[in-house]
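*Asks:* Need a 3D model of the following:
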Amino acid sequence: PSTTSDTHTTLADFGLPSISSKATMSVRPNNLPPIQDMPPSGGFPKVDTARVFTRRGPKGWQLWAGLTVSIGYGFYQIGKTNRERAAHKTEERKIRYALAPLLQAEADREYVHREKEILAKEAEIMKDVEGWKVGQNPYNSGKFMPRAINPFDKNLK
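*Replies:* Here you go, the predicted structure:
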């Protein structure tokens, strides 16, 4: 094909009849010869396929060994912490067992004090009733049942 002064290629360059500029899009593509990109003069540079790859990390057995050691160490730490926690709980339990009699004795003294106050109040209220025995259980079960005592409020009369 001949070239014109500008780089634009026309149909006349390929020996085809010229068509108006509006109709250039209606020409079938297979009527035109294919336009191909060509390599640069002298060719493309060679691709370096002989390069040396850098190390990409540890080997598989090294990963397994490292993970096994780290997981083993983690389980060791968990076991150690569990033993320390169990020893701490045992110590707390022993302290509570040692304090239980003291706390129970204090609760018993408080119960006796409240019971005396309740009996004194009952004697004062029921002093005019004949045959009333202060502190006698109204039930005939014969079993000792401590009173259901709410905290005694001395402001109530």
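
*Asks:* Which pLDDT value belongs to residue 133?
*Replies:* As summarised for this prediction, residue 133 has a pLDDT of 88.

*Asks:* and if you look at residue 32?
*Replies:* Note on residue 32: pLDDT of 68.

*Asks:* again with residue 77
*Replies:* On pLDDT, residue 77 comes in at 98.

*Asks:* gap between it and residue 64?
*Replies:* As judged by C-beta to C-beta, to the nearest Å, residue 77 and residue 64 stand 21 Å apart. For the C-beta atoms, the positions are set from N, CA and C on the backbone; glycine is no exception.

*Asks:* before we move on, what about residue 33?
*Replies:* 63 Å.

*Asks:* Would you mind telling me which of the two has the busier surroundings?
*Replies:* Neighbours were counted for residue 33 and for residue 64 using other C-beta atoms under 10 Å; residue 64 has more, 11 against 8.

*Asks:* Which helix or which strand is home to the more buried one?
*Replies:* According to DSSP states H and E, residue 64 maps onto helix 60-125.

*Asks:* where's residue 130 relative to residue 139, distance?
*Replies:* Distance from residue 130 to residue 139, by C-beta to C-beta: 21 Å.

*Asks:* which one of those two has more residues nearby?
*Replies:* Under the criterion of other C-beta under 10 Å, the comparison of residue 130 against residue 139 puts residue 139 first, with 8 against 5.

*Asks:* Next, give phi and psi for the residue lying closest to the more buried one once chain neighbours are set aside.
*Replies:* Excluding its sequence neighbours, the residue lying closest to residue 139 (C-beta to C-beta, 6 or more residues apart in numbering) is residue 145, at 7.7 Å. The phi and psi values for residue 145, taken as degrees, to the nearest 10, are phi -130, psi 120.

*Asks:* burial of residue 145, as a residue count?
*Replies:* Residue 145: 8 surrounding residues under other C-beta under 10 Å.

*Asks:* just for this protein, where's the confidence low?
*Replies:* For the chain, the stretches with pLDDT under 70 are 1-12, 15-32, 148-157.

*Asks:* 90 instead, please
*Replies:* For the chain, applying pLDDT under 90 flags the ranges 1-41, 43-57, 111, 114-115, 118, 129-157.
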